[in-house]
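Asks: coordinates for the following, if possible.
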Amino acid sequence: LIRRRIVRPPTADNRQPAIHPPHNPTTDQPPTTAIMVKVWYEPPPYGPGTSLNRPGYGIGPQRTQLVQQLSRRPQGMVIAGACVAFVAIAYIPVMIRESKYGLPFTFSPEYQAATRAYMRYHNMNPIYGISSKTARAADEAH
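Replies: Okay, here's the model as predicted:
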């Protein structure tokens, strides 16, 4: 394996080609040189990906005391508490209806027995369900 070194010929005035642009005689300014500067990165105040000219979505002075306290708690506790609160709020109409009218008529034993008989007559879910051999045998044993 032969390696060849490519050598560029010198320019017309017998100088090597310049890496930086030469001095511009029309501006009377010396050529600029690059200066290395050490830079410290400081992330944006509201986290990465946020804007510098508007507030973030997190805690701010305009937030209420409750929101500030909730944002400092572990997320799992806050989510679990919110789920419990939503379930409690959703149960209020059910509780009111049960106190006025009682349970729905579909919960009565007669209705459920009629539904089972209908499902057996029409052979619904014959492998594992109400029309299977094991379910029929268990029902006849009672």
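Asks: all helices for this protein, in order.
Replies: 65-72, 75-101, 109-121, 133-141 (DSSP state H).
Asks: can I get those helices in TSV including distance to Tyr41?
Replies: (Glycine included, C-beta is placed from N, CA and C.) Below are the helices of the chain laid out as TSV (distance: least, C-beta to C-beta, whole Å):
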stretch	distance to Tyr41
helix 65-72	26
helix 75-101	28
helix 109-121	69
helix 133-141	69
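Asks: mind listing what the closest residue to Met119 other than its chain neighbours touches?
Replies: Once flanking residues are discounted, Met119 sits nearest to Ile130: 4.7 Å by C-beta to C-beta, 6 or more residues apart in numbering. Residues near Ile130 by C-beta atoms under 8 Å, 6 or more residues apart in numbering: 116, 119-120, 124.
Asks: how about Ile130, phi and psi?
Replies: The phi and psi values for Ile130, taken as degrees, to the nearest 10, are phi -70, psi -20.
Asks: gap between it and Thr33?
Replies: 89 Å (C-beta to C-beta, to the nearest Å).
Asks: separation between the residue nearest to Met119 and Thr115?
Replies: With the distance defined as C-beta to C-beta, Ile130 ends up 9 Å from Thr115.
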